[in-house]
Every structure is written in C-alpha cells, then in structure tokens.
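*Asks:* Just need the structure, nothing else, for what follows:
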Amino acid sequence: MTATRLQDKSTGTGTGDARIADAVRTVRRVRNRGRRRSVLVAAGLLVAVVAAFALSLCVGDMVMPLGKVVDTLLGGGDGGSQFVVLELRLPRALLALLVGIGFGLSGAVFQSVLRNPLAAPDIIGISAGASAVAVTASLLFQVSGLALSGSALAGSLAAGAAIYLLAWRQGVVGQRLVLVGVGFGTGLSSVVWYVMARSDTADAQEAYLWLAGTLNGRSWSQAWPLLSALAVLVPLTVLASRTLGPLQLGDDAAAGLGARVEPGRLALLGCATALAGVATAAAGPVGFVAFVSAPIARRLVPGRGAALPHAALTGALVVLVADFAAQHALPSVQLPVGAVTSIIGAPYLLLLLARANRGGSGG
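*Replies:* Residues are numbered from 1 along each chain as shown. The predicted structure follows:
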C-alpha cells in the first residue's frame with residue numbers, strides 16, 4: 001500500500017514536471033517566433049525605406065538611373081548630376097527620412113506611455129506649441145533660419161511642460177493629459193490664426209505653407225540640425241525606454257516591479273516632445289505621421305509592445321512615400337507633404353473614433 005502511494009506520488013510529480021517543461025517550451029517557441037517576426041518585419045521596413053529613398057533620388061524632372069545616382073553619391077558624375085542629386089534631391093530625401101523617424105518614434109512613445117491611441121503630438125498640442133511660437137517669431141519678429149527652428153523647438157517643449165503641469169493631479173493619467181492637450185492645442189491654434197490675420201498677406205501665405213507641413217525648398221541648412229538633434233535624442237529615447245514596459249502595465253504594477261514611475265514617465269515624455277519639436281522645426285507640423293506610424297507598426301508585430309524601431313521605420317516610410325506623391329501626383333504642382341499625410345491619417349482618425357463609439361467609450 002505504501003509503495004503504491006509512493007509510486008502514485010512519483011508519477012504525479014513526474015507528470016507535473018513534464019507539464020511545466022512543456023509550458024516552458026511553448027513560451028520559448030512563442031517568444032522565438034515573435035522575435036523572428038519582429039526581425040523580419042524590421043528588415044522588410046528597412047528595405048522599403050531604402051527603396052523609397054532611392055526612388056526619391058532617381059525620379060524628378062530629370063530621371064536618372066540608379067547606377068548614375070550611386071556613382072554621383074560616391075563622388076563621380078558630372079556637374080549637373082552632382083547639383084541635382086547632392087544639392088536638390090539628397091537633402092530633401094534625407095530630411096523626409098529624418099522627419100519620419102522623429103515623428104514616428106515620438107508618436108509611439110506618447111501612445112505607449114499614455115496608453116491612448118489619440119496621444120500623438122499633433123493632436124495633444126505639442127505641434128501646436130511649436131507652430132504658435134514659430135509663426136509668432138517669424139511674422140512679428142522676422143526671425144528666420146536656425147533661430148526659427150530653435151523657436152519651434154522651444155515652443156514644443158514649453159507646450160509639453162504646460163500640458164504636463166495642467167494635467168498633473170498626484171500623477172498623470174493618459175486620458176486627462178490628452179483632453180488637456182487637445183484644449184491647449186486649440187487655444188494655441190487660435191493664436192496662430194490671429195497672428196496670421198494681422199500680418200502681411202505674402203508673409204501669412206508663406207507661414208500657411210509651413211503650417212501645412214512641407215519639404216518644398218528644403219536644403220542642407222535644415223537637414224544637418226535635424227540629423228544632429230536625432231543623433232542625441234534617439235539614443236536618449238532608447239535609454240529611457242527601459243521603463244516603458246512596466247509603465248504600460250499601469251502605475252501600480254510598474255511600482256511593484258521596482259520602476260521609478262514618475263521620473264521614467266517624465267523622461268519618456270520629454271524625449272517624445274523634443275523629437276516632435278525638432279521634426280516640426282525642420283518641416284513644419286506634418287500631420288498624422290506620429291498618429292498612424294505606431295498603430296501600423298504594432299499591427300505588423302503584434303505582441304511586441306511599443307515596437308519603437310518599427311514605428312520609426314514606418315514613420316520614415318510614410319513621409320518618404322507621401323513626399324514622393326506630393327512631388328509627382330499632379331503635373332507641374334508640388335503639394336505640401338502634410339496634405340498627403342492628412343489624406344492617410346484623417347480617415348484613420350474617423351475610423352478610430354467610430355470604433356470607440358461602438359465600443360461605448362466614445363463619450
């Protein structure tokens with residue numbers, strides 16, 4: 001009898017260990033499958049970005065073969081090719097790439113930290129802050145060049161700080177910050193239109209084109225400052241994102257895991273605000289890029305959390321493709337890139353609101 005019981009216990013223990021081992025192997029398989037998909041999707045996005053970048057360099061009023069473009073980039077080619085590729089097309093394509101990375105990464109951080117799909121810098125007032133200060137500085141004080149870019153960055157940081165302080169109630173809740181940001185952004189937009197109404201018509205028209213988000217006429221003077229800023233901000237965002245996983249579980253769970261909730265959230269929001277600010281300073285408030293990049297990336301790699309690298313690559317691809325369409329969709333007309341991205345983003349916003357309303361959370 002005793003031996004039988006011992007045998008039963010031994011068998012039960014063995015069965016339990018086998019089940020645990022099977023569960024561990026299943027979890028490992030799922031993780032490995034998710035990692036492989038993440039790497040493959042990132043590689044696919046990178047290939048698509050490179051292809052769109054190359055297309056931007058090859059196609060224009062003068063179509064150039066890819067081999068000739070590569071030869072020009074490596075220092076060859078005649079004077080005309082060097083001027084077209086190195087002075088006209090390359091800075092614009094590079095700027096589109098960098099602006100997309102900045103907005104895509106910023107939107108992914110905002111939406112993940114605040115756990116709200118509407119939390120994008122162009123919706124919660126960050127871009128409106130950059131626009132208000134930049135337009136005021138340009139139209140009232142004739143600021144231009146690098147100083148104008150600096151004013152746009154300062155405006156985004158000031159708007160972000162103001163929204164954060166107004167939303168603070170023993171901590172920051174994502175929904176409250178979004179609502180405060182929407183209201184704050186609406187007020188800043190009123191400032192923009194008031195300043196434009198009081199300005200000269202030609203100056204106001206130029207400001208209006210900037211507010212639409214445009215890469216027309218951009219050169220190395222806008223590309224180099226943005227490249228330098230992203231070289232600092234992207235590593236800082238990656239470093240701050242170590243607390244992003246716990247924060248997505250909620251403040252209590254994050255604190256239970258040992259994360260410093262408020263400092264971690266503040267660091268992430270500061271990086272996201274600065275990313276949106278430098279991108280806006282370079283190309284204006286290009287609408288909806290930050291809004292749609294992260295959701296697209298998360299659909300491509302479900303279960304991978306914020307998917308920050310994928311969101312950055314998606315943003316770069318969206319802006320490159322949108323700018324190519326803006327240049328070539330209509331003959332003899334170059335549209336602002338923001339007009340094309342709005343065509344993509346506005347229907348998505350309406351779809352998101354309709355789904356929220358059907359789910360009973362639309363208010």
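
*Asks:* Settle this for me: residue 275 is touching residue 238, isn't it.
*Replies:* No: if you go by CB atoms under 8 Å, residue 275 and residue 238 don't touch, sitting 11.8 Å apart. Where you see a C-beta, it was placed from the backbone N, CA and C, and this is true even at glycine.

*Asks:* So for those two, which residue has more residues nearby?
*Replies:* residue 275 (31 against 13; other CB atoms under 10 Å).

*Asks:* list the helices and strands the helix or strand hosting the more buried one packs on?
*Replies:* Assigned by DSSP states H and E, residue 275 belongs to helix 261-283. When contacts are defined as 3 or more CB pairs under 8 Å, 6 or more residues apart in numbering; DSSP states H and E, helix 261-283 packs onto helix 90-114, helix 126-141, helix 145-167, helix 220-240, helix 244-247, helix 251-256.

*Asks:* which ones are touching the most centrally placed residue in the chain?
*Replies:* By CA atoms, centre = their mean, the chain has its centre lying nearest to residue 104, at 1.7 Å. Residue 104 is in contact with 289-290, 293-294, 297, 311-316, 318, counting by CB atoms under 8 Å, 6 or more residues apart in numbering.

*Asks:* For the stretch 151-300 of the chain, give me the ranges with low pLDDT.
*Replies:* Applying pLDDT under 70 to the stretch 151-300 of the chain picks out no residues at all.

*Asks:* got it, and the stretch 1-150 of the chain?
*Replies:* Residue ranges of the stretch 1-150 of the chain with pLDDT under 70: 1-14, 16, 21-32.

*Asks:* could you measure residue 322 against residue 230, distance?
*Replies:* 19 Å (CB to CB, to the nearest Å).

*Asks:* between these two, who's got more neighbours?
*Replies:* Between residue 322 and residue 230, residue 322 has the larger neighbour count (other CB under 10 Å), namely 30 against 22.

*Asks:* So the more buried one versus residue 314, what's the distance?
*Replies:* According to CB to CB, residue 322 stands 12 Å off from residue 314.

*Asks:* Check residue 230 too.
*Replies:* According to CB to CB, residue 230 stands 16 Å off from residue 314.
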